[in-house]
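Trainee: test case, fold it:
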Amino acid sequence: MRAGLFALLLAASPAGAQVPATLQQEVEAKFAEAGPGVRFGLVVATLDGKEVLAINPDGRFVPASNTKLFTTITAFELLPGLDQPDAAGGARVHLEEGLPGEPNVVLEGGGDARLSSAPNCKVDCLSALADAVAARTRRVRTVIGNAQAFADERWSFGMSWNNIPTRSGTAIAALMIDDNEIGLRVTPGELNQAPKVSTPDYVQVLNFARTVSEGKTALEVQRLPGSKRIVLTGTIKAGAPEELIRLGVDDPADYAAWRFGQMLRERGVRVNGHSVGRYRTLADVPAPPSLSADLAALTPPPLGEDIVTINKSSQNLHAELLLRRLGAARGKPSVAGGLEAVREVLDRAGVPERAATLADGSGMSPYNRVSPRGVVTLLRWAAGRPWGTQLRAGLPIGGVDGTLRNRFKDGGLKGRVFAKTGSLTAANALSGYLLTRSGETLVFSLLASDVPEEVRATAIMDQALELVAASR
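Mentor: Alright, predicted model coming up:
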């Protein structure tokens, strides 16, 4: 009887009529536009767990900065007092015995990511600690930057050597200032001559660039890991505005101590020694607490505010510090300790180990692997936690802010996508929440790997999500 009805329906259909494509077929066709070799994985589910779409759901992909979702969700779940001032993470300063009449100054970090030496600093300012030293003594010997609160693991496992000199790959330590970046400011010079360069004396610049009348500004910077020598090449066009190039620092504690010494001299304190960074290895027992009383200590703003910064702007350094703080809360102030905390939360959320294998907290490591289904499982679980609304509110919003401010600007998803972006060599990612045309909230994870440079994977991914949103 059913066969007869099917035959009647076929007979009633116009000759050559096309059966409408399913949503899955439409999305797969969109992914095919990337060409051969590119791998896409997509899972879309309702908040109650019904999968709307699943394409390569259990494939293992490089998550890039989607890794920050794992770090920040773990912080929401395990760290208390995220809405309170961050006293535990703040920097402090004390004096220790040195030469007669010349004590050493010890600037000690607690893992805070926001310590600033900027002249216009208003909160969490290194200047307040310099004022405290200047009020106590007019002569000091060595300025010590103490980063022993965490094990000395300055880079993600697998970090590419060419990323290390950049702000994306700058070193991580319990003591750091100004996002552990040095600014190189370049302005045009005389025609056919080297441009003018301004940068802290902490580094040496070899300036081989030239000012040109035609063409465009195309400056390049090279610095070998471990070196303070910067080589500037390329061109800057006459009349062009200042170019600001941000560079990473390999020895955060030493740089913080050097800058602190500068600030002491500005306050009339005679610094007769040099700066030095103090670290501890993974094998070292925790450093004993100082017997010297603090001259001053800073209390940074709530750590929850920095979680918003991590997700909105995809701040690598802050994410890595947060991972180490997760480990420190377990008595293991290291990458391994932080990853143990992440795995504990993944177990609570029901995410299998094969669905999330992580090596760092930021996503800069190419060793990270996750599956779209694993990410959606975590995000669905997070949505039901007491802090789930905070997490979603702190994600980039399509066409509005953060790393999504220039995406979804013209489509139906403007202001309706709340998701973490991710980009690494040959990999793109976008995972979070979206509102459909009918107002339904869906959870999604869309990952792409093995993407050639000429393929605009993010445009294809965004168009695929527009199809999903329009279908419901």
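Trainee: let me see the contact set for the nearest residue to residue 165 once chain neighbours are set aside.
Mentor: Nearest non-adjacent residue to residue 165, counting by C-beta to C-beta, 6 or more residues apart in numbering: residue 223, 4.0 Å away. The way it works is simple: take the backbone N, C-alpha and C, and place the C-beta from them, glycine included. Residues counted as contacts of residue 223 (C-beta atoms under 8 Å, 6 or more residues apart in numbering) are 165, 229, 230, 231, 247.
Trainee: what residues does the third one make contact with?
Mentor: By C-beta under 8 Å, 6+ apart, the contact set of residue 230 is 184, 199, 203, 204, 205, 206, 221, 222, 223, 247.
Trainee: at 6 Å what do you get?
Mentor: Going by C-beta atoms under 6 Å, 6 or more residues apart in numbering, residue 230 touches 203, 205, 223.
Trainee: coming back round to it: with distance to residue 188, secondary structure and pLDDT added, can I get the contacts of residue 223 in JSON lines?
Mentor: Listed next are the contacts of residue 223 as JSON lines, based on distance: C-beta to C-beta, whole Å; DSSP: H, G, I helix; E, B strand; the rest coil; pLDDT from 0 to 100:
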{"residue": "165", "distance to residue 188": "24", "secondary structure": "coil", "pLDDT": "92"}
{"residue": "229", "distance to residue 188": "23", "secondary structure": "strand", "pLDDT": "97"}
{"residue": "230", "distance to residue 188": "19", "secondary structure": "strand", "pLDDT": "97"}
{"residue": "231", "distance to residue 188": "19", "secondary structure": "strand", "pLDDT": "97"}
{"residue": "247", "distance to residue 188": "20", "secondary structure": "strand", "pLDDT": "96"}
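Trainee: mind picking the one among the residues you listed that's closest to residue 351?
Mentor: residue 165 (34.8 Å; C-beta to C-beta).
Trainee: where do the domain boundaries of the protein fall?
Mentor: 23-82+303-470, 87-155+251-297, 187-240 (automatic domain parsing).
Trainee: ranking these by burial, who's on top?
Mentor: Burial of those is given as mean neighbour count (mean count of other C-beta atoms under 10 Å); domain 23-82+303-470 ranks first at a mean of 20.
Trainee: now do the end-to-end distance for it.
Mentor: The first residue of domain 23-82+303-470 is 10 Å away from its last residue (C-alpha to C-alpha, to the nearest Å).
Trainee: what sits up against stretch 131-143?
Mentor: With contact meaning C-beta under 6 Å, 6+ apart, stretch 131-143 is reached by 98-99, 102-105, 257, 260-261, 264, 267, 269-273, 275, 295-296.
Trainee: same check, this time on stretch 335-343
Mentor: 70, 74, 78, 153, 323, 324, 326, 327, 330, 358.
Trainee: avg pLDDT for it?
Mentor: Mean pLDDT, stretch 335-343: 97.
Trainee: which other helices and strands contact the strand or helix carrying residue 45?
Mentor: Assigned by DSSP states H and E, residue 45 falls within strand 39-46. Packing contacts for strand 39-46, counted by 3 or more C-beta pairs under 6 Å, 6 or more residues apart in numbering; DSSP states H and E, involve strand 51-55, helix 372-383, strand 441-449.
Trainee: any idea of the angle the shortest one forms with strand 39-46?
Mentor: Okay, so that is strand 51-55. Interaxial angle of strand 51-55 relative to strand 39-46 (axes from the mean of the first three to the mean of the last three C-alpha atoms, to 10 degrees): 180 degrees.
Trainee: in PDB, list the C-alpha atoms belonging to strand 51-55.
Mentor: Output of strand 51-55 as PDB, limited to C-alpha atoms (Å, rounded to 0.1, in the frame of the first residue of the first chain):
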ATOM      1  CA  GLU A  51      22.100  16.800  17.100                       C
ATOM      2  CA  VAL A  52      20.800  18.800  14.300                       C
ATOM      3  CA  LEU A  53      23.800  18.300  12.000                       C
ATOM      4  CA  ALA A  54      26.900  16.100  12.300                       C
ATOM      5  CA  ILE A  55      29.700  16.100   9.600                       C
END
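Trainee: could I get the contacts of residue 223 in TSV, plus columns for distance to residue 400?
Mentor: Output for those, formatted as TSV (distance: C-beta to C-beta, whole Å):
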residue	distance to residue 400
165	33
229	42
230	36
231	39
247	30
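Trainee: what does stretch 145-159 rub up against?
Mentor: 106-111, 169, 171-175, 253-254, 256-257, 277-282, 287, 324, 333-335, 359-360, 364-367.
Trainee: now intersect those residues with the strands, please.
Mentor: The strands, defined by DSSP state E, take in 106, 107, 108, 277, 278 from the contacts of stretch 145-159.
Trainee: from these, which is closest to residue 394?
Mentor: Nearest to residue 394 among the ones in strands among the contacts of stretch 145-159, with distances taken as C-beta to C-beta, is residue 108, at 29.5 Å.
Trainee: can you name the residues bridging to the nearest residue to that closest one once chain neighbours are set aside?
Mentor: Of all residues not flanking residue 108 in the chain, residue 146 sits nearest, at 4.1 Å (C-beta to C-beta, 6+ apart). The residues listed as beta-bridge partners of residue 146 by DSSP bridges are residue 108, residue 278.
Trainee: with respect to residue 436, which of the contacts of stretch 335-343 is nearest?
Mentor: residue 70 (25.9 Å).
Trainee: you'd agree that closest one is in a helix?
Mentor: Yes: if the criterion is DSSP: H, G, I helix; E, B strand; the rest coil, then residue 70 is within a helix.
Trainee: downstream neighbour of the helix or strand of the chain with the lowest mean pLDDT in the secondary structure list?
Mentor: Ranked by mean pLDDT, DSSP states H and E, the weakest helix or strand in the chain is helix 2-12, scoring a mean of 39. For helix 2-12, the following helix or strand on the C-terminal side (DSSP H and E) is helix 23-32.
Trainee: all the helices of the stretch 201-350 of the chain, residue numbers only.
Mentor: 252-266, 303-313, 316-328, 335-349 (DSSP state H, counting those that start in this stretch).
Trainee: on that earlier part again, pLDDT check: weakest of the contacts of stretch 335-343?
Mentor: Lowest pLDDT among those: residue 330, 93.
Trainee: not counting its neighbours along the chain, what's nearest that residue?
Mentor: For residue 330, the spatially nearest residue (C-beta to C-beta, 6+ apart) is residue 337, at 5.4 Å.
Trainee: and for residue 93?
Mentor: Per C-beta to C-beta, 6+ apart, closest to residue 93 is residue 129, 4.3 Å.
Trainee: picking that back up, TSV please, covering the domains of the chain and showing distance to residue 161.
Mentor: Converted to TSV, the domains of the chain look like this (distance: least, C-beta to C-beta, whole Å):
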stretch	distance to residue 161
domain 23-82+303-470	12
domain 87-155+251-297	9
domain 187-240	6
